[in-house]
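Undergrad: next input, structure requested:
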Amino acid sequence: MNASLAGGLSTAVVAGCLAALAWQSAVAQQQPLGIFTGDGDVGAVLHPGSAHYDRASGAYTITGSGENMWFGRDDFHFVWKKVSGDVALSADIAFAGEKGNNHRKAVLMMRQSLDGHSAAVDVAWHGDGLTSLQFRDATGANTHEVESNVSAPQRVRIEKRGDFFYAFVSGKDGRLEPAGASIKLALKEPFYVGIGVSAHDKDAQETAIFTDVKLEQLSALGGAKQVLYSTLETVAVAFTDRRVSYVAAAHFEAPNWSRDGSYFLFNQDGGVYKLGVNGGAPERIPTGAETRCNNDHGISPDGSMIAVSDSSEAGKSMVYTLPIAGGEPRRITPNAPSYWHGWSPDGATLAFTGQRGGNFDIFTIPAAGGVEKRLTTAEGLDDGPEFSPDGAWIYFNSERTGHMQIWRMHTDGSSQEQVVFDETNDWFPHISPDGKWMVFVSYEKGVTGHPPDKDVTLHLMSMTDKKVTVLARLFGGQGTMNVPSWSPDSARVAFVSYEYLAQEPRD
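TA: A predicted model of the protein is given here:
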């Protein structure tokens, strides 16, 4: 309304027009932001954020401040909608402007509440291109992440099915593919889903543009075909951050980390494969006539040889060694079944699990071949023998107490003693090269054996004070971490997690 027009009208009419405009403005502010129903700042934010939806282009422009989205609290501007059931949210993301904090974040998020400390899961697109699945599994708990091996993907997606959350990123062809990042977290219905921005600087503001934003209600899988994806990940001992190294629509297992830290070994479809730590395509190592290798394999202390467990010759697993580059394997164990698990620090002795007389026990044998020596005789399964870095002990798991626990003994079988005392079923102890840590796989109470497709926990024990902490929780089990998988600097552990995803097109 211009001044000249107002001057020609009565005071009552002007007041009425102004009131109408104010009401229209208030209504406009309450209108849904595209597919979302509200927005606002979450957490402690010094500079109020904002959100704008362009109906013509379908773009959402979000400006947010906030110190961080990490530890026990999120500070950011959030555009949201309350939903229930299984949903997926996808979008193209780009920051406005080239400058800003490398750790600023634009996110696709699902969270329990609008409280800054709320349990939440998000796919975070960082200013430097890092893309990760972040999660806080309880109110006020520390945030953890699984980093994708794809930097600055144009399009990202977060998908919720039941209590499982999955991340997807676009590749060079622009198609969304599984990022290999998944976690389990229970959100009560209804919960919030939306998009948001944090500046990672309490005194600054950052702006991101979200385009082609799609929110989908997912139908029940029912009898729909599902595809198994395997992901080779590493996790840091100091910070528990996880990184995806390789993901594929295939079943592979049991990573070893090379002695020089430059590559991994894993088994798939009866073969042993080499994969560079920095990515690339896996290469199959020639293993001669032994083409039915299982997930019990490892590298000699000097890095020149591989031990494999293979059932090609007798239909039952036996232990062989061969050069690290491949070649004709040499059979070491005279009896079957035998499953390799450890190599002594001096390279002279192999430790393995063997079934003899109907019972599985721990054995050693010279690495050059010879007579096997039985070290355990307890009823029930003894498995997973591995030498300590100083060569003084063999650690193993045993069910002699009624459920699987971690034990150790001297290399001649003497002084057998229990190391871990808990309610879970614990498997495959691996001691860090510096001797300071032990990592092992734990199944929930009541799980028998070490089956696949289970929720498991990687536990970390300090060898100094025997304190046990959680390193990672994941969907896995058999094949996750059967064999030694420490990085040579003792900083990280490699493992395999699994996902069953619907075979359906994703935008």
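
Undergrad: so, low pLDDT: which residues of the stretch 1-150 of the chain?
TA: For the stretch 1-150 of the chain, the stretches with pLDDT under 70 are 1-31.

Undergrad: at which residues are the helices of it located?
TA: Per DSSP state H, counting those that start in this stretch, the stretch 1-150 of the chain carries helices over the ranges 3-7, 11-30.

Undergrad: pLDDT below threshold where in the protein?
TA: Using pLDDT under 70, the chain drops low at 1-31.

Undergrad: which segments of the protein make up each domain?
TA: 38-217, 227-502 (automatic domain parsing).

Undergrad: need these in a markdown table (columns: distance to residue 32 and mean neighbour count).
TA: No exception for glycine: its C-beta is placed from N, CA and C like everyone else's. Shown next, in a markdown table, are the domains of the chain (distance: least, CB to CB, whole Å; neighbours: other CB atoms under 10 Å):
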| stretch | distance to residue 32 | mean neighbour count |
| --- | --- | --- |
| domain 38-217 | 8 | 20 |
| domain 227-502 | 29 | 19 |
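
Undergrad: could I get the phi/psi values of residue 336?
TA: Backbone torsions for residue 336, taken as degrees, to the nearest 10, come to phi -130, psi 150.

Undergrad: next up, the contacts around it.
TA: Residues in contact with residue 336 (CB atoms under 8 Å, 6 or more residues apart in numbering) are 311, 314, 316, 317, 318.

Undergrad: what do you get if the cut-off is 10 Å, keeping everything else the same?
TA: 309, 311, 313, 314, 315, 316, 317, 318, 319, 354, 355, 356 (CB atoms under 10 Å, 6 or more residues apart in numbering).

Undergrad: sort out for me which of those are in helices.
TA: Among the contacts of residue 336, no member falls in helices (criterion: DSSP state H).

Undergrad: surely residue 420 touches residue 439?
TA: No: judged on CB atoms under 10 Å, residue 420 makes no contact with residue 439 at a distance of 11.6 Å.

Undergrad: between the two, what contacts are shared?
TA: By CB under 10 Å, 6+ apart, the residues touching both residue 420 and residue 439 are 429, 459, 461.

Undergrad: okay, those residues in JSON lines with secondary structure and distance to residue 381 next?
TA: Formatted as JSON lines, the shared contacts of residue 420 and residue 439 follow (DSSP: H, G, I helix; E, B strand; the rest coil; distance: CB to CB, whole Å):
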{"residue": "429", "secondary structure": "strand", "distance to residue 381": "14"}
{"residue": "459", "secondary structure": "strand", "distance to residue 381": "19"}
{"residue": "461", "secondary structure": "strand", "distance to residue 381": "21"}
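
Undergrad: okay, these in a markdown table with distance to residue 130 next?
TA: Output for the shared contacts of residue 420 and residue 439, formatted as a markdown table (distance: CB to CB, whole Å):
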| residue | distance to residue 130 |
| --- | --- |
| 429 | 33 |
| 459 | 27 |
| 461 | 30 |
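
Undergrad: my guess is residue 471 contacts residue 242. True?
TA: Yes: counting by CB under 10 Å, residue 471 does reach residue 242; the two are 9.2 Å apart.

Undergrad: which residues do the two both contact?
TA: Common neighbours of residue 471 and residue 242 (CB under 10 Å, 6+ apart) are 235, 236, 458, 495.

Undergrad: next, the contact list for the second one, please.
TA: Counting by CB under 10 Å, 6+ apart, residue 236 makes contact with 242, 243, 471, 487, 491, 492, 493.

Undergrad: can we see that at 6 Å?
TA: Residues near residue 236 by CB atoms under 6 Å, 6 or more residues apart in numbering: residue 492.

Undergrad: cool, the third one as well?
TA: Residues in contact with residue 458 (CB under 6 Å, 6+ apart) are 439, 471, 472.

Undergrad: hmm, 8 Å instead?
TA: 235, 439-442, 470-474, 480-481, 493, 495.

Undergrad: helix, strand or coil for it?
TA: strand (DSSP: H, G, I helix; E, B strand; the rest coil).

Undergrad: please name the bridge partners of residue 443.
TA: residue 425, residue 456 (DSSP bridges).

Undergrad: residue 209 too?
TA: residue 61, residue 94.

Undergrad: let me see the backbone angles for the spatially closest residue to residue 435 that is not a sequence neighbour.
TA: Nearest non-adjacent residue to residue 435, counting by CB to CB, 6 or more residues apart in numbering: residue 389, 4.7 Å away. Phi and psi for residue 389, reported as degrees, to the nearest 10, are phi -60, psi -30.

Undergrad: show me the contacts for residue 389.
TA: 345, 431, 432, 433, 434, 435.

Undergrad: what is the nearest of the residues you listed to residue 256?
TA: Of all the contacts of residue 389, residue 256 sits closest to residue 433, with 12.8 Å by CB to CB.

Undergrad: tell me the SS of the closest one?
TA: Secondary structure assignment for residue 433 (three-state DSSP): coil.

Undergrad: thought it was touching residue 490?
TA: Yes: with contact defined as CB atoms under 8 Å, residue 433 counts as touching residue 490 (5.1 Å).

Undergrad: check the gap between residue 268 and residue 112 for me.
TA: Distance from residue 268 to residue 112, counting by CB to CB, to the nearest Å: 38 Å.

Undergrad: oops, could you answer that again for residue 339 instead?
TA: Between residue 339 and residue 112 the computed distance is 44 Å (CB to CB).

Undergrad: thought residue 145 was touching residue 132?
TA: Yes: in this structure, residue 145 is within contact of residue 132 by CB under 8 Å, at 4.3 Å.

Undergrad: ok, back up a step: tabulate the shared contacts of residue 471 and residue 242 (a markdown table), appending secondary structure.
TA: Below are those laid out as a markdown table (three-state DSSP):
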| residue | secondary structure |
| --- | --- |
| 235 | strand |
| 236 | strand |
| 458 | strand |
| 495 | strand |
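
Undergrad: going by distance to residue 335, which of these wins?
TA: Closest to residue 335, out of all of the shared contacts of residue 471 and residue 242 and judged by CB to CB, is residue 495, at 30.3 Å.

Undergrad: for that closest one, which non-adjacent residue is spatially closest?
TA: residue 481 (4.4 Å).

Undergrad: same deal with residue 114?
TA: residue 42 (5.7 Å).

Undergrad: so the one you found touches residue 196, yeah?
TA: Yes: applying CB under 8 Å, one finds residue 42 in contact with residue 196, separated by 7.4 Å.

Undergrad: what is in contact with these two at once?
TA: 76, 77, 78.

Undergrad: in strands, which of these appear?
TA: Judged by DSSP state E, strands contain the following of the shared contacts of residue 42 and residue 196: 76, 77, 78.

Undergrad: surely the first one touches residue 64?
TA: Yes: taking CB under 8 Å as the contact criterion, residue 76 and residue 64 are neighbours in contact, 4.9 Å apart.
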